[in-house]
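Enquirer: Generate coordinates for the sequence data below:
(chains A and B)
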Amino acid sequence: MENKVVTRFAPSPTGFMHVGNLRTALYAYLWAKKNNGIFILRIEDTDKEREVQGSISHILKVLEWVGINWDEGPNVGGPHAPYLQSERLDLYKKYAQILIDKGLAYPDPYTEEEVGIFRDTAELAKKPFLYREHRPEVFEKWDGTKPLRFKTPLIKSYKWNDLVYGELSGGPEALDDFILIKSDGYPTYNFAHIIDDIEMGITHVMRGQEFISSVPKFLSLYDALGISYPLFATLPPIMGEGGNKKLGKRDGAKDVLEYKNEGYLPFAMVNFLALLGWNPGDEREIFSMDELIKIFDISRIGHSGAQWNDDKLDWINKEHIKILALKNPEELKNNIFAYLPDELKIEKLIPVITERISKWSDVKVMLEKGELDFFYKMPKYSKEKLIYKNIKLEKISKNISQAVSELEKINEKDFILENIKKVLMQVANTLESRGELLHPVRYALSGLDKSPDPFVIAEILGKNETLLRLQKAI
RNA sequence: GGCCCUAUCGUCUAACGGUUAGGACAUCGCCUUUUCAAGGCGGUAAUCAGAGUUCGAUUCUCUGUAGGGUCACCA
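Expert: A predicted model of the protein is given here:
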């Protein structure tokens, strides 16, 4: 197994995971699985200031929810353990020492304030800030109390190949003496992720487009260590809905688990995210995770930013609900029942509800709007509304009476949709317009202007209740 | 401001020099339906602009414009 594909998802535990993070994880996972490779989860917890308690378990929960299983990482372990960067500090020190020995790393002699002044001056002059312009002539010995900086070995431009974007480049201003190890002893992202990617044998590095401008720094570090580059696959940004800003926490990107709570199916989320920046090249749009693994291909990842779109997510979710109704009706039932009070946990209500929702929480909305009350409560309504167009009330009453006497002939156990429909349609067809019977019947049974059709309602209510409500209307 | 990336219907996108520029979401209309939803059928709607290369540019090149990213002891 020489050329086994190894990818990783390496989030930092600084808060909740949003959909942008999840898509990066998904693409890395799909690519690994498509190639029978390994998908590693690594936690980049090197910023102790910004770390948020509970983030790690949150990340694991999100990945578990959508069905992204890591082959190596927290909980499952693996040959490169530990998978938390904060537990790998000795490793970074080892590599740092190699650079120091080569004369390619040195302690920063300035205070943070002094560096701040350098930066402000550069900004004021509308020039990019470059620390290396202030690099000390003589390097002191590093005692661990000062930040350790990388000495950019050669000021040059870099050109490299990206699996998604093709040839990319960065000018010399993208190279600088960045910090390898902070004064608190933790490595920076720039340093740690490279060491870990090397140590863990990562073959394909997938990450967002915001890292393009840092790649020259990474390349210069690989060069300094004399190590060949992994393959890079850069992902286009996800933009906020309606806006043109990259979707980020600051711009209201939602916690992935909020989608779970709102009642989206994990497959729908995966499906939608897969399509945001990638397409299979044909006209299919609905996929399971297994199908995605089969057809996913880095070469079909797009280059331009894609806007988040709730409408499309809702549609995809609805499609997945339909699939669920066929494949796993029990799960469909459980999800819908979870929102219903006991008196509404009626099996026959499920198809009626299913066709009206695009996510589970819509059931709650239906409930709140009172759209389901009539299934267990005698509806309240005004008799004027029984009138269909300009038909007189007496005529309506007569029509209903006629329907009632016909419905009475049906046996209690034969009181099912198709029989009810047959009988009511028979009566309705004798009238000038069918609406003069069907409208009042529907209204008498539901008390609503908009409701499922009267036959369905009648079946669910049963013979007694149906006739009772119709009598009342008469 | 420097550097980098991007640019097809409102949105997600297909078309890797030759298509009546295709599909999906949304929208609109019709059919079905008492109504709503669902479903079926159909419509409106796009190559950012200007030069070049070419017999021929959505596609290749350049310039402009617009949008995005980045320039931390954050990742």
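Enquirer: Run through who's touching the helix or strand harbouring A:Ser220.
Expert: Following DSSP states H and E, one finds A:Ser220 within helix A:215-225. With CB atoms under 8 Å, 6 or more residues apart in numbering as the contact definition, helix A:215-225 has outside contacts at A:95, A:98-99, A:102, A:104, A:150, A:152-154, A:157-158, A:160, A:168, A:170, A:174-176, A:178, A:190-191, A:194, A:198, A:228-229, A:232. C-beta coordinates here come from the backbone N, C-alpha and C atoms, glycine included.
Enquirer: pLDDT value on A:Asn244, please?
Expert: As predicted, A:Asn244 sits at a pLDDT of 64.
Enquirer: for A:Glu432, that is, sorry about that
Expert: Reported pLDDT for A:Glu432: 83.
Enquirer: Next, find the distance separating it from A:Gly462.
Expert: 31 Å (CB to CB, to the nearest Å).
Enquirer: the more surrounded of those two?
Expert: A:Gly462 (12 against 9; other CB atoms under 10 Å).
Enquirer: Give me the spatial nearest neighbour of the more buried one, chain neighbours excluded.
Expert: Using CB to CB, 6 or more residues apart in numbering and skipping residues adjacent in sequence, the residue nearest A:Gly462 is A:Phe415, 6.5 Å away.
Enquirer: What residues does that neighbour make contact with?
Expert: Counting by CB under 8 Å, 6+ apart, A:Phe415 has contacts A:458-459, A:462-463, A:466.
Enquirer: Now list the buried members of those.
Expert: By neighbour count, with 16 or more other CB atoms under 10 Å, these hold A:458-459, A:463, A:466 as buried.
Enquirer: From those residues, pick the one nearest RNA strand B.
Expert: Nearest to RNA strand B among those is A:Ala458, at 10.0 Å by CB to the nearest atom of the strand.
Enquirer: Show the low-confidence segments of the stretch 201-350 of chain A, by residue range.
Expert: For the stretch 201-350 of chain A, applying pLDDT under 70 flags the ranges A:243-244, A:250-252.
Enquirer: hmm, back to that, chain center to the following helix or strand past the helix holding A:Ser220, what's the gap?
Expert: Heading C-terminal from helix A:215-225, the first helix or strand you meet, by DSSP H and E, is strand A:231-235. Averaging C-alpha positions (CA atoms, centre = their mean, to the nearest Å) puts strand A:231-235 21 Å from its chain's average.
Enquirer: Also stretch A:108-128?
Expert: Remark: stretch A:108-128 is offset 39 Å from the chain centroid, using CA atoms, centre = their mean.
Enquirer: And for stretch A:78-95?
Expert: Distance, centroid of stretch A:78-95 to centroid of chain: 30 Å (CA atoms, centre = their mean).
Enquirer: picking up where we left off before, buried stuff in the helix holding A:Ser220?
Expert: For helix A:215-225, the neighbour count (16+ other CB under 10 Å) marks A:215-221, A:224 as buried.
Enquirer: Can you name the residues of the stretch 351-474 of chain A that neighbour RNA strand B?
Expert: A:355-356, A:388, A:428, A:434-435, A:438-439, A:442-443, A:449-454 (CB under 7 Å from any atom of the strand).
Enquirer: Need the buried ones from those residues selected in ChimeraX.
Expert: Entered in ChimeraX, the line below selects the buried ones among those, by 16+ other CB under 10 Å:
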select /A:388,428,438,439,442,443,451,452,454
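Enquirer: Hmm, A:Asp373 is touching A:Met366, no?
Expert: No: here A:Asp373 does not reach A:Met366: they are 9.9 Å apart, not a contact under CB atoms under 8 Å.
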